[in-house]
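S.K.: Structure for the following, please:
(4 chains)
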Protein chains: 2
Amino acid sequence: MGERKASMADVADRAGVSVMTVSNVINRPEVVAEATREKVHAAMRELRYRNNLVARSLRLARPRQIGYVLPAPDAVGNPYMDVFLHDLATACQAADRNLTLITQQDLETLMTACEDLYFGQSVAGFVVSNVGSEDDRLLELHRRGIPFAAYGRTGAAFDAPWSWAEGDAALGVSMAVDHLVERGHREIAFVGANRASETMVQREIGYRDACARHGLAASAADARIVHCRSDLAAGVRAAAALLDADAPPTAIVCKADTLAAGAVITLQARGLVPGRDVAVTGYDDTPLTEFGTVGITSVRQASAAIAANLVRLVVDQPETPERVLLPPSLTVRSSTDPAA
Amino acid sequence: MGERKASMADVADRAGVSVMTVSNVINRPEVVAEATREKVHAAMRELRYRNNLVARSLRLARPRQIGYVLPAPDAVGNPYMDVFLHDLATACQAADRNLTLITQQDLETLMTACEDLYFGQSVAGFVVSNVGSEDDRLLELHRRGIPFAAYGRTGAAFDAPWSWAEGDAALGVSMAVDHLVERGHREIAFVGANRASETMVQREIGYRDACARHGLAASAADARIVHCRSDLAAGVRAAAALLDADAPPTAIVCKADTLAAGAVITLQARGLVPGRDVAVTGYDDTPLTEFGTVGITSVRQASAAIAANLVRLVVDQPETPERVLLPPSLTVRSSTDPAA
DNA sequence: CCGCGGGAGGAAAACGCTTGACCCCCTCGC
DNA sequence: GCGAGGGGGTCAAGCGTTTTCCTCCCGCGG
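M.R.: Predicted structure coming up:
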């Protein structure tokens, strides 16, 4: 074990200066003479000095951590959240912070934990993801005066008194539809509609809007909306049902990559080639898009940008709540374009 | 925003006692008289007092956080890791700690970040998961005197000079094979063999051992080992290949739930019923085991216990490294037992 | 030659908490 | 009645930083 000591005082001694000079070297290098600075740096190097983050945080009365309310694993099952978590941690580090996890059992213990952390000066605030249409956690945090930023809007979102950020879900689905129309499709289905969260509602809206924009009959579009869960088996079944219908679609827009993978499975089982016979798109651009020989076209959320914004919102805590809506992009693969 | 103040001094004032009495009430309640204790508690409640965790941590020279090296999201794609992360965070909280995330780009920046955190007194040590057979990260951490516990052994593991914990992978696969043999199967295949990590090697060993134990011909067993990646498409293909072979198996043991799901898809595509015609088992007991109407029998790791052990190892830092091997359990579903 | 300005570094306080030593006073026993 | 003992509480000394003055010294201009 190394000697986990070496305080500023040690460095100061070694460099033959005072403690505050060392502090200055670290925090306002321009104020200290070149030569001294060099001496101090040398001493720091020799002693393998590390600034004591705890002491600094205490002195500055500024927490160095940002809290993240970890979604229950069974509530998600979406690899996209792994990507987001990773990006969130990265964004924190870029802002000279660290991400602290906090789990949620029931609301009350979650709130206690949040209060301990926030009022205990341990975290600057929280990021909350997987928000529902009406999310108790957000209301409670707000009520208790604990700052946070939400990943995703709530139902009554546009005047919710807190900041949030998310990918533009409606736009994302629109982009998928646009892409398909551009490739000549007119019979486009939407799989995975549900109202679990406002974001999901937005995806359905994006589908309807795009259909309308392209002059696809609303009644036909409506008939091709499949409501279901977002798992593989549901995708398999939904695609089968669509193909068996009177007017089978030539393209299937899925609300999630799992559903798209399920659709691809169904196609292949029937000897159809995804992208040639029937086009399929997914959402979130997860590893699932690589399905054997076929690549699934998918909407990619700007998760790094979303994460960076959430961190900024927690760190800066703007006076008036901000809403950030970031445009996604479309990754085209062979499931819509055999040439890709 | 609440007045995020209320220090011990404030509480002391309000309760008409000294600061240290307040401290005592918090840390050694038994040493202070009932009446005073009550007074102080009242004051704390009225002022919504929270112990300043940063100051406490500084004073005690004991970090309140545990670091976790977040695996790159594309390197995993396994929902089990979500469960583990959740359990790890929970275990930390149970130990009055919090989990701090740290991402890894290249080895050098990871190490710098770890040093900053550890020597900066911010974390007590690290938990590292997804360890490879020869893992640079572990070697480097060890070399730099940074304490950690690994989730998973390395190749030369049994005398590695650090603590680790993991689920008994060999035992897990054995249990699956035992279960199948018990149900009358003799032609058992193993899908997903690879040597990416020692844990994976162990799973294969578990298969071979169990086959040998039950008197299944080693040559036949070997012939039924399919080496492949752990994604859905690979599972689909592997099962197809096995079924098309000269001596098709009656049961397929998969190294991962994704593979098992793929196998189930293949079976269904051929009109076979999983659990009746051909049995299938997975590993990790992820949400994927619920595949439409069929439930996939799967080996469940004792992730909560593993997490708790890792936290303990980081917190206590035993003199001599400990190795903890925890037995998994088998969740039986319809893919091996139609009655389940 | 003297005074002033400014650049460079230092002294000390404060951040909020813990803890071992110490002190006071009440009670009990002789 | 007085000393010992002990329960209940306080003192003071930090933990390692940062930051606000302050001092010191050097050089320059008058």
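S.K.: Residue numbers of the stretch 101-250 of chain A in contact with chain B?
M.R.: Where proximity means Cβ under 8 Å from any Cβ of the partner chain, the interface of the stretch 101-250 of chain A facing chain B comprises A:101-103, A:113, A:115-122, A:144-145, A:147, A:231-234, A:236-237. Heads up, the C-betas are built off the backbone N, CA and C, glycines and all.
S.K.: again, only this time at 10 Å
M.R.: Taking Cβ under 10 Å from any Cβ of the partner chain as the criterion, the stretch 101-250 of chain A approaches chain B at residues A:101-105, A:109, A:113, A:115-123, A:144-147, A:231-234, A:236-237.
S.K.: Just the ones of those in helices?
M.R.: Members of those lying in helices (criterion: DSSP state H): A:109, A:113, A:115-119, A:232-234, A:236-237.
S.K.: Closest one to DNA strand C out of these, please.
M.R.: If you rank these by distance to DNA strand C using Cβ to the nearest atom of the strand, A:Phe119 comes first, at 9.6 Å.
S.K.: Just the pLDDT for the closest one.
M.R.: Looking at A:Phe119, its pLDDT reads 94.
S.K.: ok, now A:Val31?
M.R.: Reported pLDDT at A:Val31 in the predicted model: 85.
S.K.: Identify the residues contacting it.
M.R.: A:21, A:24-25, A:37 (Cβ atoms under 10 Å, 6 or more residues apart in numbering or on different chains).
S.K.: Tell me how far it lies from A:Gly275.
M.R.: Note on A:Val31: its distance to A:Gly275, by Cβ to Cβ, to the nearest Å, is 63 Å.
S.K.: again with A:Thr320
M.R.: As for A:Thr320, its distance to A:Gly275 is 46 Å (criterion: Cβ to Cβ).
S.K.: for A:Leu171, same thing?
M.R.: Applying Cβ to Cβ to A:Leu171 and A:Gly275 gives a distance of 23 Å.
S.K.: could you pull out the helices for chain A?
M.R.: Along chain A, the segments classed as helices by DSSP H run A:8-15, A:19-27, A:34-47, A:53-60, A:79-94, A:107-119, A:136-143, A:169-182, A:198-213, A:218-223, A:232-244, A:257-269, A:303-316.
S.K.: The fifth one and chain B, any residue contact?
M.R.: Yes. Among the residues of helix A:79-94, A:79-93 lie within reach of chain B under Cβ under 10 Å from any Cβ.
S.K.: how does chain A divide into domains?
M.R.: Listed by automatic domain parsing, the domain ranges of chain A are A:8-59, A:65-167+A:303-326, A:169-301+A:330-336.
S.K.: Out of those domains, which is the most enclosed?
M.R.: Among the domains of chain A, judged by mean count of other Cβ atoms under 10 Å in any protein chain shown, the one packed with the most neighbours on average is domain A:169-301+A:330-336 (a mean of 21).
S.K.: Now do the end-to-end distance for that one.
M.R.: Its start and end residues considered, domain A:169-301+A:330-336 measures 20 Å (Cα to Cα, to the nearest Å).
S.K.: before we move on, the earlier item: return only those of the residues of helix A:79-94 next to chain B found close to DNA strand C.
M.R.: Of the residues in the residues of helix A:79-94 next to chain B, proximity to DNA strand C by Cβ under 7 Å from any atom of the strand holds for none.
S.K.: which one of those residues sits closest to B:Ala245?
M.R.: Proximity to B:Ala245 was ranked across the residues of helix A:79-94 next to chain B by Cβ to Cβ; first place goes to A:Pro79, at 32.1 Å.
S.K.: so can I have CSV of the contacts of A:Val31 showing pLDDT?
M.R.: Below are those laid out as CSV (pLDDT from 0 to 100):
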residue, pLDDT
A:Thr21, 92
A:Asn24, 92
A:Val25, 92
A:Arg37, 90
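S.K.: and which of these is nearest DNA strand D?
M.R.: The shortest distance between DNA strand D and any of the contacts of A:Val31, using Cβ to the nearest atom of the strand, involves A:Asn24 and amounts to 5.8 Å.
S.K.: Tell me where the model's unsure across chain A.
M.R.: Within chain A, the stretches falling below the threshold (pLDDT under 70) are A:1-4, A:75-76, A:157-158.
S.K.: Which residues of it lie near DNA strand C?
M.R.: Applying Cβ under 7 Å from any atom of the strand, we find that chain A lies next to DNA strand C at A:17-21, A:31-33, A:35-36, A:55, A:58-59, A:61.
S.K.: Swap in 10 Å and give it another go.
M.R.: Proximity of chain A to DNA strand C (Cβ under 10 Å from any atom of the strand) is limited to residues A:8, A:12, A:15-25, A:30-40, A:54-61, A:119-121.
S.K.: Would you check that A:Gln93 makes contact with B:Gly67?
M.R.: No. Here A:Gln93 lies out of contact with B:Gly67, judged by Cβ atoms under 10 Å, at a distance of 12.0 Å.
S.K.: Return every residue with contacts to both of the two.
M.R.: Taking Cβ under 10 Å, 6+ apart as the contact definition, A:Gln93 and B:Gly67 share the neighbouring residues B:101-102, B:113.
S.K.: OK, contacts around A:Val201?
M.R.: Under the criterion of Cβ under 10 Å, 6+ apart, the contact partners of A:Val201 comprise A:133, A:153, A:155, A:169-170, A:193-195.
S.K.: try it again with 8 Å
M.R.: With contacts defined as Cβ atoms under 8 Å, 6 or more residues apart in numbering or on different chains, the neighbours of A:Val201 are A:133, A:195.
S.K.: do A:Ala170 as well
M.R.: Taking Cβ under 8 Å, 6+ apart, we find A:Ala170 in contact with A:202-203, A:205-206, A:209.
S.K.: With respect to DNA strand D, which of the residues you listed is nearest?
M.R.: A:Gln202 (43.0 Å).
S.K.: State the distance from that closest one to A:Gly172.
M.R.: Shown here: A:Gln202 relative to A:Gly172, a distance of 9 Å by Cβ to Cβ.
S.K.: How about A:Val324, nearest residue that isn't a chain neighbour?
M.R.: Closest residue to A:Val324 apart from its sequence neighbours, by Cβ to Cβ, 6 or more residues apart in numbering or on different chains: A:Ala165 at 3.7 Å.
S.K.: so the one you found touches A:Arg323, yeah?
M.R.: Yes. The pair A:Ala165 and A:Arg323 qualifies as a contact (Cβ atoms under 8 Å) at a distance of 7.4 Å.
S.K.: just the residues of chain A next to DNA strand C that are near DNA strand D?
M.R.: Among the residues of chain A next to DNA strand C, the residues lying close to DNA strand D (Cβ under 10 Å from any atom of the strand) are A:8, A:12, A:18-25, A:31, A:54-61.
S.K.: quick one: contacts for the nearest residue to A:Pro79 once chain neighbours are set aside?
M.R.: Closest residue to A:Pro79 in three dimensions, ignoring its sequence neighbours and counting by Cβ to Cβ, 6+ apart: A:Thr286, at 4.3 Å. Applying Cβ under 8 Å, 6+ apart, one finds that A:Thr286 lies in contact with A:78-80, A:83, A:257, A:298, B:77.
S.K.: Now for those residues: which two are most distant?
M.R.: A:Ser298 and B:Gly77 (14.5 Å).
S.K.: ok, and the closest non-adjacent residue to whichever residue of the stretch 201-340 of chain A sits closest to DNA strand C?
M.R.: Checking the stretch 201-340 of chain A residue by residue against DNA strand C with Cβ to the nearest atom of the strand singles out A:Gln317 as nearest, at 18.7 Å. Take A:Gln317 and drop its neighbours on the chain: the residue closest to it by Cβ to Cβ, 6+ apart is A:Pro147, 5.2 Å away.
S.K.: any idea how far that neighbour is from B:Arg50?
M.R.: Shown here: A:Pro147 relative to B:Arg50, a distance of 15 Å by Cβ to Cβ.
S.K.: quick one, what contacts the nearest residue to A:Ala260 once chain neighbours are set aside?
M.R.: Spatial nearest neighbour of A:Ala260, excluding adjacent residues (Cβ to Cβ, 6+ apart): A:Gly282 at 3.2 Å. By Cβ under 8 Å, 6+ apart, A:Gly282 lies in contact with A:254, A:256-261, A:288-289, A:296-299, A:335.
S.K.: Could you do A:Val264 as well?
M.R.: In this structure, A:Val264 makes contact with A:274, A:280, A:291, A:294, A:296, A:335, judged by Cβ under 8 Å, 6+ apart.
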